[in-house]
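Undergrad: Pasted the sequence and its predicted model underneath.
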Protein chains: 2
Amino acid sequence: MSSYMPPTDDIGFLLKSVFGFDAQIAALPGHEELTADFAIAVLEEAGRFCSEVLEPLNRPGDEEGARIVDGAVVTPKGVKEAYRAFVEAGWPGLSGDVAFGGQGLPRVVQILLDEMLSATNMSFGLFPGLTRGAVEAIAHHASDELKAIWLPKMVAGEWTGAMALTEASAGTDLGLLSTRAEPVGDGSYRITGTKIFISSGDHDFGGNIVHLVLARLPDAPKGVKGISLFLAPKFLLNDDGSLGERNAMSVGSLEHKMGIHAQPTCVMNYDGAIGWLVGEPGRGLNAMFTMMNAERLFVGIQGLGIAEAATQKGVAYARERLQGRSLDGARGPVPIIEHADVRRMLMTGRALADGCRALAIWTALQMDIAAGHPDAATRAEADGMVALLTPVVKAAFTDFGFDVAVLSQQVFGGHGYIREWGMEQFVRDARITQIYEGTNGVQAMDLAGRKLSLEGGALPKRFFDLVRRDVESAAATAPGAKAVWAEVLAALARLESTTAALQAASQSDAAAVGSAATDYLKLFALTAIGWMWVRMAVAARAGDTPLEQRKVMIARFYCERLLPQTQGLAAAIAAGSSSTMALPEDLF
Amino acid sequence: MSSYMPPTDDIGFLLKSVFGFDAQIAALPGHEELTADFAIAVLEEAGRFCSEVLEPLNRPGDEEGARIVDGAVVTPKGVKEAYRAFVEAGWPGLSGDVAFGGQGLPRVVQILLDEMLSATNMSFGLFPGLTRGAVEAIAHHASDELKAIWLPKMVAGEWTGAMALTEASAGTDLGLLSTRAEPVGDGSYRITGTKIFISSGDHDFGGNIVHLVLARLPDAPKGVKGISLFLAPKFLLNDDGSLGERNAMSVGSLEHKMGIHAQPTCVMNYDGAIGWLVGEPGRGLNAMFTMMNAERLFVGIQGLGIAEAATQKGVAYARERLQGRSLDGARGPVPIIEHADVRRMLMTGRALADGCRALAIWTALQMDIAAGHPDAATRAEADGMVALLTPVVKAAFTDFGFDVAVLSQQVFGGHGYIREWGMEQFVRDARITQIYEGTNGVQAMDLAGRKLSLEGGALPKRFFDLVRRDVESAAATAPGAKAVWAEVLAALARLESTTAALQAASQSDAAAVGSAATDYLKLFALTAIGWMWVRMAVAARAGDTPLEQRKVMIARFYCERLLPQTQGLAAAIAAGSSSTMALPEDLF
């Protein structure tokens, strides 16, 4: 098999030609000197690590899987060494706060590293990904004392993080959880309960593992308002900060999963484990959402990574595999990339991977602006965009990532079903991204419900106006492409009228939003990616390089062949909720 | 987990109320006495076998997998005994030719047994499914002598069949195959070569295994015209018909697959194996298509079976799993089936499973008419419909089956990703149905290319006219449902204009058909299933039973929420092939 090619050329085009990285980033204090060229050089180095160290471990790790030996997790051969090398090279702290030893690069650079990690070894990428989520929750909600103790080693990746939220009877509905925390009297708590689906709950990398655990205090009310967040490490610390005795937690078992076999997904038992409160009592869900939001973007990027990697493999195979005759019948056997239906699959993968990458970069830039711009109004504006786009990135990118994995597997024909070729692993691994960190249905409800009502309902309009401005200006400056851009404007019009209808219905028809949510999120995502293709095509208009020529062609494919799906989505939503809700439960 | 409920109520409704089974079947000589009630009684018995014997072996079989011990296949625990019980009960010969000991029931009954086999144990169902395909090829193309020797035991299921077509470098393009057959001089041949992806290539059920092998004679021309079909058994026969010495064939290895682990998919080595020609030299592809056509319907039915089984499990889980609050916020936690987005997933599964079953029955009835009606014109007409619908059933049913498996897995949230729950197995098993017996892309090319040109291009119009007549008559007799049926007529209009455009383009633009094919097949399938929903809703109009009430409601859901997808499909095809074909191969 061909090996992964880090998409740094595409990243360079996006950062420089599409998003004007240098100027945008220079407006953020602390990043005045940062250039796209520097970021690309960093990412090229990261890409080498991913393709040379992580990708070779991906299939063996899937076959061997993480396992339990003597009550502790053993990761597949080579993973421990790769993780230590990853830490040695300083990658965990890439975007970490400089106050805790991080390198302080913006999130937009971080997500591009995350994409490459996910493309080459999704199971591995979860270790630093979850650690970063835990770091964010601690940084935003914990006391200075806890921060000083835990963050430096976590930012460096010496210690890793895990999020212990889900219980067997409390998944999406965390209000049902029953793990409890009893105050010891010295400021610490004893945590007791069982959590399931705990990614990176244990490993054999050495160092500590910092669990963030949702639990109830003794006097807590029922439901979500009774939930608090606790920090409970695998090892308690000695006075000098070194690792001390084992905390009262253990791995009950590993989940037997469809994929991400190299990732130890644990059932965790907390048997009076010592922990400390993070944030206010009863505000655990709030703290948890800090890490969930960061993780949701991360999970969306996993979808992007799989889409890119699977498309690359599909293209490589389609160039080499000889079957059938050329379109005119004159030559044969020909590489299957000549066949129109194979091209359809590969073009779809390319159009979605490149489109998602562009939207990911735009969204991450908004996060950087929201976090660091000196002007409060600019920060708030960007923050709104992040709130709006987070469920879109999480759900649509992972749905597209799965779809593209399936399409690329299909390019391989029967070989795609055989483990040795690696394509079916993409499908199995990608599948979890649609489920964890809030199922894609939950994301869709978040978008179609809560997010549409933000800023008094004005937030989506602010986004749509931005899209319209860009597309209309593109159409004005490049009349040749006007027909193509008209497709994006038509999609946008569908999205706008659907949005208005959902906003109106949300007052009176609770089922309208729920029954429309998934279709709505897809309509939103397809339109937003269409906008990105307009921006890419405008930036590539000169067509001087092969990459620019490619962008112009794929933009047209996207608008002509994929964007029309928005017609059916808008029509389905317009039909209303009654047919979804009518069937009595016992008649299903 | 709840166990599988054979959908015999739905089958009864379809056979009696929708398709007038008794009258249709009575027109076929030999079936004058056959009634729907009898067929349903037979299927209820089969359903018990499937849910009591086969379903309990499904997950254990996936975990254990088929393996090789001392060069021979060992199937998972219990499979051998289940197969012998299946033969004892006479199920393999259900629709077999009475001349060879079969029970001679029509294909429409056979496919409903096949659905239940596929729903409860797809790996198991492949054994009788492939045997039947081999039987058809032998029955249609082999000499009377070969038929007399091999068919009785194969029809009874005492001996099984396997199809040895694919080679490592010859998949879709069988013209590239290199296995050769040398005449021995006594009418037999010695076959030498290696085949891959051979389902049921070996097993431990006892009896013989009859391989149908594509190979080249010494003087054969290159390409598909040089391919002949041979019958090569695992055991040669003694003069008294008993099993004699081992033929020179062996299992090289088992493929490591994404799913159907209990099914031994073999790499087969033929080392001068003795075989006999089936049909004329150089006409192997023709004979192979006889079995492929039967198998394509069978594979489509596998998709239906998975869709039904996965939907049942999703519904059962959604009724029991408590998370979140009721729509009005008053109650909680509530069964998740109350949530609109969960209903969307389950309604989609129900609408597609029921819709595919109806279309499967209609198509199988056409096959029975094509095979047995006394009037030649009626036979020819039905035969055309079967030719048109076969790629639709194969590709669309398996795509929908996979989609529904993924949706139903999603209903389970995180638990859906865990092997113990069985939902991820549906996804892994279903995935192969989109690939084998001709990938779904190949099916789409067959439909959009070859099938649209049959009967001088008049065949599709004949089908569309039938659909229009039914839908218009439904709209006339039930004005209340007129708006719903208008959606089907709109979809039909899209299908008709798209068909005309593709027929026109096929003369001048070879890429037009290829780039449109997959979207076109989906447009065709959605419309055809819409037609089935009209017929079901008309038959259920009285609404006297819960099942009838359900049909009317699901018909509306299908038309309002799923059928609008045809808008985007038609628009994408109308945009033409140029954007799919433009990108140079080195720019992907």
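TA: Received the coordinates, thanks.
Undergrad: can you give me the helices in the stretch 51-200 of chain A?
TA: A:55-64, A:79-88, A:107-120, A:122-141, A:144-155 (DSSP state H, counting those that start in this stretch).
Undergrad: Nearest to chain B among those would be which one?
TA: helix A:55-64 (8.9 Å; CB to the nearest CB). Where you see a C-beta, it was placed from the backbone N, CA and C, and this is true even at glycine.
Undergrad: Convert that closest one to PDB, retaining C-alpha atoms only.
TA: Presented in PDB, the C-alpha positions along helix A:55-64 are these (Å, rounded to 0.1, in the frame of the first residue of the first chain):
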ATOM      1  CA  GLU A  55       0.800   4.900  10.200                       C
ATOM      2  CA  PRO A  56       3.000   1.700  10.300                       C
ATOM      3  CA  LEU A  57       1.400   1.000  13.700                       C
ATOM      4  CA  ASN A  58      -2.200   1.400  12.500                       C
ATOM      5  CA  ARG A  59      -3.000  -1.900  11.000                       C
ATOM      6  CA  PRO A  60      -0.900  -4.000  13.400                       C
ATOM      7  CA  GLY A  61      -2.500  -2.100  16.300                       C
ATOM      8  CA  ASP A  62      -6.000  -3.000  14.900                       C
ATOM      9  CA  GLU A  63      -5.100  -6.700  14.700                       C
ATOM     10  CA  GLU A  64      -3.400  -6.900  18.100                       C
END
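Undergrad: OK, contacts around the closest residue to A:Pro546 other than its chain neighbours?
TA: If the residues on either side of it in the chain are set aside, A:Pro546 comes closest to B:Leu587, at 5.6 Å by CB to CB, 6 or more residues apart in numbering or on different chains. The contact partners of B:Leu587, by CB atoms under 8 Å, 6 or more residues apart in numbering or on different chains, come to A:546-547, A:549-550, A:553.
Undergrad: Give me the PyMOL select line for those, limited to the buried ones.
TA: Command for PyMOL, covering only those of the contacts of B:Leu587 found buried under the criterion 16 or more other CB atoms under 10 Å in any protein chain shown:
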select buried, chain A and resi 549+550+553
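Undergrad: Show me the contacts of B:Leu587 that map onto helices.
TA: Judged by DSSP state H, the subset of these located in helices is A:546-547, A:549-550, A:553.
Undergrad: residue in the stretch 351-500 of chain A nearest to chain B?
TA: For the stretch 351-500 of chain A, CB to the nearest CB, closest residue to chain B: A:Glu424, 3.8 Å.
Undergrad: okay, now the closest residue to that residue other than its chain neighbours: neighbour count?
TA: Spatial nearest neighbour of A:Glu424, chain neighbours left out: B:Met258 (3.8 Å); criterion: CB to CB, 6+ apart. Counted by other CB atoms under 10 Å in any protein chain shown, the residues lying close to B:Met258 total 23.
Undergrad: what does the one 4 residues further on give?
TA: By other CB under 10 Å, 26 other residues sit near B:Ala262.
Undergrad: excluding its backbone neighbours, what's nearest it?
TA: B:Gly61 (3.2 Å).
Undergrad: In this model B:Val79 seems to touch that neighbour, though I could be wrong.
TA: Yes. Counting by CB atoms under 8 Å, B:Val79 is a contact partner of B:Gly61 at 6.2 Å.
Undergrad: who touches A:Gly303 in this structure?
TA: By CB under 8 Å, 6+ apart, the neighbours of A:Gly303 are A:356, A:397-402, A:430, A:433.
Undergrad: Show me the strands in the stretch 201-350 of chain A, by range?
TA: A:209-216, A:227-233, A:235-237, A:243-246, A:249-254, A:265-278 (DSSP state E, counting those that start in this stretch).
Undergrad: wait, which of those is closest to chain B?
TA: strand A:265-278 (8.8 Å).
Undergrad: helices and strands around the closest one, which ones?
TA: helix A:122-141, strand A:160-164, strand A:180-183, strand A:188-199, strand A:209-216, strand A:227-233, strand A:249-254 (3 or more CB pairs under 8 Å, 6 or more residues apart in numbering or on different chains; DSSP states H and E).
Undergrad: how about the last one: buried residues?
TA: Think strand A:249-254. A:249-252, A:254.
Undergrad: Please identify the helix or strand for the nearest residue to A:Asn440 once chain neighbours are set aside.
TA: Of all residues not flanking A:Asn440 in the chain, A:Ala395 sits nearest, at 3.9 Å (CB to CB, 6+ apart). Using DSSP states H and E, A:Ala395 sits within helix A:376-411.
Undergrad: Show me what that helix is packed up against.
TA: By 3+ CB pairs under 8 Å, 6+ apart, helix A:376-411 packs against helix A:284-320, helix A:340-372, helix A:423-433, helix A:440-445, helix A:459-477, helix A:510-539.
Undergrad: what number of residues lie near A:Leu563?
TA: Neighbour tally, A:Leu563, other CB under 10 Å: 25.
Undergrad: likewise A:Pro183?
TA: 13.
Undergrad: need the contact list for it.
TA: Contacts of A:Pro183 (CB under 8 Å, 6+ apart): A:189, A:217-218.
Undergrad: how does it look with 7 Å?
TA: Counting by CB atoms under 7 Å, 6 or more residues apart in numbering or on different chains, A:Pro183 makes contact with A:Tyr189.
Undergrad: Name whatever forms a beta bridge with it.
TA: A:Tyr189 (DSSP bridges).
Undergrad: measure it to A:Ser228 for me?
TA: 11 Å (CB to CB, to the nearest Å).
Undergrad: related to what we said a few turns ago, pLDDT at the residue nearest to A:Glu424, what is it?
TA: At B:Met258, the model reports a pLDDT of 98.
Undergrad: between the ones in helices among the contacts of B:Leu587, which is closest to B:Val538?
TA: Nearest to B:Val538 out of the ones in helices among the contacts of B:Leu587 is A:Met553 (CB to CB; 47.7 Å).
Undergrad: residues in contact with that closest one?
TA: By CB under 7 Å, 6+ apart, A:Met553 lies in contact with B:579, B:582-583.
Undergrad: Swap in 8 Å and give it another go.
TA: B:579, B:582-583, B:587.
Undergrad: Secondary structure, pLDDT and distance to B:Ala500 for those residues - can I get that in CSV?
TA: Shown next, in CSV, are these (DSSP: H, G, I helix; E, B strand; the rest coil; pLDDT from 0 to 100; distance: CB to CB, whole Å):
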residue, secondary structure, pLDDT, distance to B:Ala500
B:Ser579, helix, 96, 22
B:Ala582, coil, 95, 25
B:Leu583, coil, 96, 28
B:Leu587, helix, 92, 34
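Undergrad: Considering the residues you listed, which is situated nearest to B:Ala540?
TA: Relative to B:Ala540, and with distances defined as CB to CB, the nearest of the contacts of A:Met553 is B:Ser579, at 43.5 Å.
Undergrad: ok, that closest one to A:Trp421 distance?
TA: In terms of CB to CB, B:Ser579 sits 29 Å off from A:Trp421.
Undergrad: Neighbour count for these two, which is higher?
TA: B:Ser579 (22 against 18).
Undergrad: Now that one. Nearest residue, chain neighbours left out?
TA: A:Phe557 (4.1 Å).
Undergrad: so the one you found sits right up against B:Ser577, yeah?
TA: No. Between A:Phe557 and B:Ser577 there is no contact under CB under 8 Å: 10.5 Å.
Undergrad: Counting neighbours, go ahead and name the busier of these two.
TA: A:Phe557 (26 against 23).
Undergrad: show me the contacts for the more buried one.
TA: A:347, A:351, B:579-580, B:582-583.
Undergrad: Closest one of these to A:Gly275?
TA: A:Ala351 (46.8 Å).
Undergrad: sorry, back to before: closest to B:Trp362 among the contacts of A:Phe557?
TA: B:Thr580 (32.8 Å).
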